[in-house]
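*Asks:* no sequence on hand, only this structure:
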């Protein structure tokens, strides 16, 4: 699989053949260590560690009202750990919030390049899930009395076409 396929016209065809359908939480886990009270603890020594991983992706066929439709389903695991560390010890997990989000896309074309789907899962799904993850993380931090996590918005990289770059470099 070529991850540089993002610039490939074939990848654009794969991307154009997928229509966003749904995002939902497939599983979640949130906890604080039994011996840690975030409300009554000095949180200056607490650091955040993040997790972001594609767990699975698959093409499924669903029969709906006599029609057969294909969906591309991606499960993305995201998480945040609240850790403390002394110079002489390993990180100690004080709290963690994790969620697996399922993102589904309707496939408008049946014959889609499998490598293109893998690249789409790795490069595009995070942008769709990210706002839901930010909201969920903020909500759970509030419910668990944890410090608020400064999770940034996800920025989309805009790639300039070669012709636009060449035009800017041409002296007038």
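*Replies:* Cool, got the structure. Model, not experiment: these values are computed from the prediction.
*Asks:* what ranges in the protein fall below the confidence cut-off?
*Replies:* Counting by pLDDT under 70, the chain has low-confidence residues at 1-8, 87, 154-172.
*Asks:* the helices in it, which residues?
*Replies:* Under the criterion DSSP state H, the chain carries helices at the ranges 9-16, 114-123, 125-143, 162-169.
*Asks:* would you turn those into a markdown table with distance to residue 61 and mean neighbour count?
*Replies:* C-beta here means a position set from N, CA and C on the backbone, and glycine is covered the same way. Formatted as a markdown table, the helices of the chain follow (distance: least, CB to CB, whole Å; neighbours: other CB atoms under 10 Å):
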| stretch | distance to residue 61 | mean neighbour count |
| --- | --- | --- |
| helix 9-16 | 18 | 14 |
| helix 114-123 | 15 | 19 |
| helix 125-143 | 20 | 16 |
| helix 162-169 | 39 | 9 |
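*Asks:* and of the ones you listed, who's closest to residue 71?
*Replies:* When these are compared for distance to residue 71 using CB to CB, the nearest one is helix 114-123, at 11.4 Å.
*Asks:* same for that closest one, what does it pack against?
*Replies:* helix 9-16, strand 47-64, strand 67-84 (3 or more CB pairs under 8 Å, 6 or more residues apart in numbering; DSSP states H and E).
*Asks:* ok, back up a step: export the helices of the chain to TSV and tack on distance to residue 64?
*Replies:* As requested, those are exported to TSV (distance: least, CB to CB, whole Å):
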stretch	distance to residue 64
helix 9-16	22
helix 114-123	21
helix 125-143	22
helix 162-169	42
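*Asks:* which one, of the ones you listed, ends up nearest to residue 37?
*Replies:* helix 125-143 (14.8 Å).
*Asks:* which residues sit against the closest one?
*Replies:* Contacts made with helix 125-143 from outside it, assessed by CB atoms under 8 Å, 6 or more residues apart in numbering, are listed as 20, 23, 25, 28, 30, 52, 54, 74, 76, 78, 80, 97, 99, 101, 103, 146-149, 151, 153-154, 156.
*Asks:* go with 6 Å
*Replies:* Among residues not part of helix 125-143, those counted as contacts by CB atoms under 6 Å, 6 or more residues apart in numbering are 23, 30, 74, 76, 78, 80, 97, 99, 101, 103, 148-149, 151, 154.
*Asks:* report the two of those residues separated the most.
*Replies:* If you compare every pair in the contacts of helix 125-143 using CB to CB, the most distant one turns out to be 74 and 148, at 28.1 Å.
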